[in-house]
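**Student:** the following block contains a protein sequence and its predicted model.
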Amino acid sequence: MAIRMKPVDVALIGGGLTASILGKELAEAGYTVVALERGQMRQTIPDFQSPTMHDELKYSVRHSLMQDPNIQTLTFRNFVGQPALPLRQLGSFLPGEGVGGAMVHWNGQTWRFQPEWFVLRSWVNERYGSGFLSDEVTIQDWGITYDEIEPYYSFFEKICGTGGTAGNLNGVIQEGGNPFEGPRSDPYPNPPMKQSHSGYLFEQGARALGYRPFPVPSSNSTRHYTNPYGAELKPCMYCGFCETYGCEHFAKASPQVSILPYALANKNFELRTRAYVTRIDWDRQAKVATGVTYIDAQGRETFQPANMVVLCAFAHHNPILMLQSGIGQPYDPATRTGTVGRNYTYQTMTSIDVFYDGQKHINPFMGAGSLGTAVDEFNNGSFDHSGLGFIGGAYIAAYQTSGRPIHHHPVPDGTPRWGLEWKRAVAQHYNSTVTISIHGSSVPHPNNYIGLDPTYTDAFGQPLGMITYDFPYNDRLMSRYVTEKAWDIARAMGGRSVSVGWLDDHYSIVPYQTTHNTGGAIMGTDPTTSVVNRYLQSWDLHNLWVMGSSVFPQNAGYNPTDTVGALAYWAVDAMLKQYMKSPRSLVQA
Amino acid sequence: MPAIHPSIAFAALAAGLLFVTVGQAQDGRIQTIEAYDVRNADLERGRAVVVGAYAVPPGLDAGEGRPPIRPAEGACFRCHGIDGRGDRAAIFPRLTDQTFKYLYDSLKDYASGVRQNEIMGPIARALTDRQMRDVSAYYAAQKEADYPPPERVDPEVLQLGAALAAIGNAQRGVQGCINCHGPDGIGLPPTYPYLAGQYAAYLEAQMLAWKTGRRKGDGFGIMENISKRLTDEEIHAVSQYYASIRPPVVTPEIAETGAPMTPLPIVPVQPVRR
């Protein structure tokens, strides 16, 4: 018999970015809120302080801030028909575990999506004709427009204290910013980061080809800054320990620093850690969620009744929990029907190394997660796809995130993988190599989806989530095209040699690529092809809402966090202004 | 062989790593770095300034067409000692083995008024830029100066200071000193000065100067912000803590042979002839 907790107005599944936003805003509006976080409490002080935080083995190799695959993991296969096998160590992506979630160990790169991404299907049909893409490219409109979400982008960037140079202020293109971005209502709240030498070299190469480079928008704070909640961020020290680490300086925007203290200060809000949610309970007749069942820190099954449930877990966990709870129609790749798990997308990453053979002093250890210089000439809305046969695009950036000793040792093609020659090459190239990232979009494909594994179970006996994914043909064409453009920049940077990491194999879940998993519980305008409506409200249970990148119908050629934050504010606004007083479906199907 | 002072490694590394903070400032361009390259400073001329000699050693001019400084103004050793030990009782800081860049920046800040001090201000303004570099290189190259016996301090004060050093103060949003000043206050050359063994009264005076706006000039306003968040009791405690500890001895070979991946060939700091 499960323990039964005192009912609350809202149960949030997760304790990361979106749960912090909802917790703060809903508690402030007078609703009782409990956030159920499977991991532990952790704070800037003492958990993220040096020198223990600067432990590459512990955090980057052993993933101490991430999900523990011994309790729950995923199975993976490339294609329908292959046997899926469990992921026993994290690899391609790193879901967070513990308070703050993945926004503790993110890099702080804070990109908005171009306006075209939100209406991608309509935009492609209008611009290139409805026959431009094959049926296999199941892109969709989001049900919202950039103009609708813009104020929420703007607010979230103020919460994060994002630094950058605006490229488009109210439709007027600004010198030094990204001219291809959507119009901003406000400039960035903070100035951009000081640029690195690698960024300078990239900028020179890009300018030589006529491109317009700009500093990457960064939520590694660039000065003392107080956000709208009153949280005080401090300047980044460029220590080079952002991604996979917590920030010791209060410099990187995270729930702990920017949002959560203002939720925790409200007695309506409770953060309950070590609460491992196993299902959403719901009433089959009334079609409403009734609460959440979780396993508490002592291993006891516990039921938390709630008038409203919000999925705030990591991207693929949200649809997996819906599948485990029997909510909605699971996507079936054979018939291409069903919605939950549909349109799972990722990010199409390639990279290029430019080697200066000791002729430059890059000093990669002087880094920050979003210390970079980028060009956006080849993102989706920036160029003409006519005759290219694909949709999507990528930004191209030279990041200087770290020179950490275990992972940072770029060597040219043909270098032995170990031994004396390898060591010599590392010594020669460590400090004189610039890496260029091509951060590509990801379109959905009928083969790529999230389901439940028929064989493997987690520590609680529930079926594991199963990801079926390979890079779609569309994205391979896109990646080839943009990587060639980046190669031109690389060769214009004056290095001695260039190594290109083409996308030329199946997707592998083993090497780290990026933690930008998207889709599976997507938003849209049609209940037969989406899980939530434009307000992120479930089509099936009106009091179940889904946050996070789970709702992206396809992934853009940008990092997702800015859009995740903006959508959360968009959704909470709809809750407070439209839903809470009169709970119902806000969009009639 | 005397115990190797730990910062030898860092002093040598500093020469190579000066590019880090200086060369790539602001817009990523490699800027003029000669001024920050310790190899372009001269220890013997620095020694002349320290001892208050009228002129620099034979064959060298003072540079920049400026008259040599007068001994009464410039005799650093009168307060800081010939080996940089300073004077605890008189609140003259220890300079021995401090990083070249930090000392040079400090002199420039005194000269410009960013750091206000009635003794150091006039002295720094009397020095040429070259003399500032020379004297900074001189003290950066000093490796040995005895520490005075530790002061008697309430252990609870030391414990509070140690906690602040390690993890800061969560309530007031102060990060631990260790994040920038390194474990055991060893410093993080070339930018962040060592704190271990620095005199408590000096450390306390500096933090109070930041707190009251009499000292600025750390680029981002970090120390000003931190000092304003701390109570005077906490400033006292953390100052006493750092004064009470000594930098650990590190393996000297790192400095002498050069780590395999240092960015530049290591050029040893010119030794002091005795």
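**Tutor:** The structure has been received and is ready for your questions.
**Student:** which residue does chain B have closest to chain A?
**Tutor:** Of all residues in chain B, B:Gly28 sits closest to chain A, at 2.9 Å by C-beta to the nearest C-beta. In this view, the C-beta of every residue, glycine as well, is placed from N, C-alpha and C.
**Student:** was I right to think that residue contacts A:Gln195?
**Tutor:** Yes - B:Gly28 lies in contact with A:Gln195 (C-beta atoms under 8 Å); the separation is 3.8 Å.
**Student:** what's the overlap in contacts for these two?
**Tutor:** Both B:Gly28 and A:Gln195 are contacted by A:203, A:373, under the criterion C-beta atoms under 8 Å, 6 or more residues apart in numbering or on different chains.
**Student:** can you count the residues close to A:Glu150?
**Tutor:** 18 (other C-beta atoms under 10 Å in any protein chain shown).
**Student:** could you measure from the closest residue to it other than its chain neighbours over to A:Thr165?
**Tutor:** By the measure of C-beta to C-beta, 6 or more residues apart in numbering or on different chains, the closest residue to A:Glu150 outside its immediate chain neighbours is A:Ser185, 6.0 Å from it. Noted for A:Ser185: a distance of 16 Å to A:Thr165, by C-beta to C-beta, to the nearest Å.
**Student:** those two: which is more packed in?
**Tutor:** Counted by other C-beta under 10 Å, A:Ser185 and A:Thr165 do not tie: A:Thr165 has more neighbours, with 16 against 12.
**Student:** tell me how far that one lies from A:Glu157.
**Tutor:** With C-beta to C-beta as the criterion, A:Thr165 and A:Glu157 are 13 Å apart.
**Student:** name the residues contacting each of these two.
**Tutor:** Common contacts of A:Thr165 and A:Glu157 (C-beta under 8 Å, 6+ apart): A:Tyr188.
**Student:** and what about B:Glu233, helix, strand or coil?
**Tutor:** helix (DSSP: H, G, I helix; E, B strand; the rest coil).
**Student:** what's the distance between it and A:Ile45?
**Tutor:** Using C-beta to C-beta, B:Glu233 is found at 18 Å from A:Ile45.
**Student:** more crowded one of these two?
**Tutor:** Comparing B:Glu233 with A:Ile45 by neighbour count (other C-beta under 10 Å), the higher total belongs to A:Ile45, at 20 against 10.
**Student:** okay, and the more buried one sits in which element?
**Tutor:** Using DSSP states H and E, A:Ile45 sits in helix A:44-47.
**Student:** packing partners of that helix?
**Tutor:** helix B:155-167 (3 or more C-beta pairs under 8 Å, 6 or more residues apart in numbering or on different chains; DSSP states H and E).
**Student:** can you count the residues close to A:His506?
**Tutor:** Around A:His506 there are 10 residues (other C-beta under 10 Å).
**Student:** next, it: secondary structure please.
**Tutor:** coil.
**Student:** do you know how far it is from A:Asp470?
**Tutor:** With C-beta to C-beta as the criterion, A:His506 and A:Asp470 are 5 Å apart.
**Student:** overlap in contacts of those two?
**Tutor:** Shared contacts of A:His506 and A:Asp470, defined by C-beta under 8 Å, 6+ apart, are found at A:Asn78.
**Student:** write out the residues of chain A neighbouring chain B.
**Tutor:** Neighbours of chain B within chain A, by C-beta under 8 Å from any C-beta of the partner chain: A:43-46, A:49-51, A:194-201, A:203, A:223-224, A:232, A:234-235, A:237, A:239, A:248-250, A:361, A:363, A:365-366, A:373, A:423, A:426-427, A:430-431.
**Student:** which members of those occur in helices, if any?
**Tutor:** A:44-46, A:197-201, A:203, A:423, A:426-427 (DSSP state H).
**Student:** make a PyMOL selection of the buried ones in the residues you listed.
**Tutor:** Selecting the buried subset of these in PyMOL, with 16 or more other C-beta atoms under 10 Å in any protein chain shown as the burial test, is done by:
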select buried, chain A and resi 44+45+197+198+199+200+201+203+426
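**Student:** helix or strand for the closest residue to A:Asn343 other than its chain neighbours, which one?
**Tutor:** Nearest residue to A:Asn343, sequence neighbours excluded (C-beta to C-beta, 6+ apart): A:Pro444, at 3.8 Å. For A:Pro444, there is no host helix or strand (DSSP H and E).
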